[in-house]
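[1] I would like the atomic coordinates for the input below:
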Amino acid sequence: MTSLLSVQGLSVSFTTYGRTAEVLKGVSLDVPQGAQVALVGESGSGKSVTMKAIMGLLPQPPARIHAGRIMFDGRDLLTLPERERVALRGTAMSMVFQDPMSSLNPVWTIEDQLSTILKYADRRLGRDRDRRGRRARVIEVLSQVRMRDPERVAGSFPIMLSGGMRQRVLIAMALLSEPRLLIADEPGTALDVTTQAQILKLLRDLVEAQGLALLMITHNLGVVRETSNYVYVMNKGEIVEEGPTADLFAAPRQQYTRDLIAAVPRLTGRVAT
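    Numbers count the residues shown, from 1 in each chain. All right, here's what the predicted structure looks like:
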């Protein structure tokens with residue numbers, strides 16, 4: 001299967017106070033079109049640096065990418081002009097962040113925030129959509145994330161919504177521009193287990209229904225079991241194990257992977273939609 005995203009031998013270092021530390025060491029991973037792939041590891045393993053490098057969000061300096069390629073749909077993102085790379089971010093590639101309250105503006109309604117993002121995405125994609133058209137799209141995408149009474153939610157402020165509803169808004173935000181790749185950074189981490197399970201099921205259903213590629217960034221192998229069909233395990237800036245999810249859970253080769261499996265609870269039981 002052809003990879004939509006292919007990270008090849010990515011090495012990244014950070015220089016602070018005159019000292020340089022290599023934080024990614026030849027990282028390689030592939031996300032085929034329509035696949036659900038997880039990058040898992042404990043805090044400090046290099047997951048977030050990998051994600052930020054893919055999205056073009058690494059501050060340079062202090063970061064420096066000194067080896068590797070990041071191929072998206074046959075183009076090396078590291079050699080693209082900044083304007084083209086920014087255009088891809090939020091259109092062809094979108095992110096679901098883990099903390100809704102830090103990602104949503106508390107003084108704007110949900111409709112205002114989604115409409116503003118949609119307006120910029122339309123401009124990048126050369127679309128001409130008026131205010132009524134943008135509202136219709138906002139209501140449509142809120143319905144897609146199974147939000148009850150999407151019209152009321154659209155007129156609400158973030159503080160008026162529950163944690164699970166705010167997480168659904170972030171998913172809706174990521175889907176606005178109909179991306180091909182969705183990167184989810186620890187979604188639902190701050191939610192209770194039942195609500196988190198609902199959010200993970202929603203993500204899985206959406207990517208399957210729309211044929212999206214999903215890259216799930218997480219420390220929790222219980223989340224991996226629920227959302228991914230292929231796993232990369234990261235430790236100390238390196239990929240230490242990879243394989244189909246079922247195979248990895250059945251027979252992990254590395255002690256680090258076995259420790260991760262043993263350390264976290266699994267999400268089990270029937271999940272309400």
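
[2] what's near enough to touch Pro247?
    To be clear, residue 247 is Asp; Pro isn't right here. For Asp247, no contacting residues are found, by CB atoms under 8 Å, 6 or more residues apart in numbering. (Glycine included, C-beta is placed from N, CA and C.)

[3] quick check: it is in a helix.
    Yes - Asp247 forms part of a helix when assessed by DSSP: H, G, I helix; E, B strand; the rest coil.

[4] which secondary structure state does Gln167 sit in?
    Classified using three-state DSSP, Gln167 is helix.

[5] could you do Thr257 as well?
    Following three-state DSSP, Thr257 is assigned to helix.

[6] just the strands in the protein please.
    Ranges of strands within the chain are 3-16, 19-32, 36-40, 63-72, 75-76, 93-96, 181-185, 213-218, 230-235, 238-244, based on DSSP state E.

[7] the residue lying closest to Val96 once chain neighbours are set aside: how many residues sit nearby?
    Among residues not flanking Val96 along the chain, Ala184 sits closest, at 4.3 Å (CB to CB, 6 or more residues apart in numbering). Close neighbours of Ala184, defined as other CB atoms under 10 Å, add up to 28.

[8] looking at strand pairing, list the partners for Ala184.
    Taking DSSP bridges as the rule, Ala184 bridges to Val96, Met216.

[9] do you know how far the residue nearest to Leu142 when sequence neighbours are not counted is from Leu118?
    Ranked by CB to CB, 6+ apart and with sequence neighbours excluded, the top spatial neighbour of Leu142 is Pro150, at 3.6 Å. For Pro150, the distance to Leu118 equals 15 Å [CB to CB, to the nearest Å].

[10] so Val49 touches Val12, yeah?
    Yes - at 5.8 Å, Val49 counts as touching Val12 under the criterion of CB atoms under 8 Å.

[11] tell me which of those two has more neighbours.
    Val12 (24 against 21).

[12] ok, the nearest residue to that one once chain neighbours are set aside - contacts?
    Among residues not flanking Val12 along the chain, Leu24 sits closest, at 4.0 Å (CB to CB, 6+ apart). Applying CB under 8 Å, 6+ apart to Leu24 gives the contacts Leu10, Ser11, Val12, Gly46, Val49, Thr50, Ala53, Gly237.

[13] so which of those is the most crowded?
    Going by other CB under 10 Å, Thr50 tops the contacts of Leu24 with 27 neighbours.

[14] and it, how far is that from Val233?
    13 Å.

[15] ditto for Ser48
    15 Å.

[16] between those two, which has more neighbouring residues?
    Counting neighbours by other CB under 10 Å for Ser48 and for Val233 shows that Val233 has the greater number, 25 against 18.

[17] show me the contacts for the more buried one.
    Val40, Gly41, Ile239, Val240, Glu241, Glu242, Leu248, Gln254, Tyr256, Thr257, Leu260.
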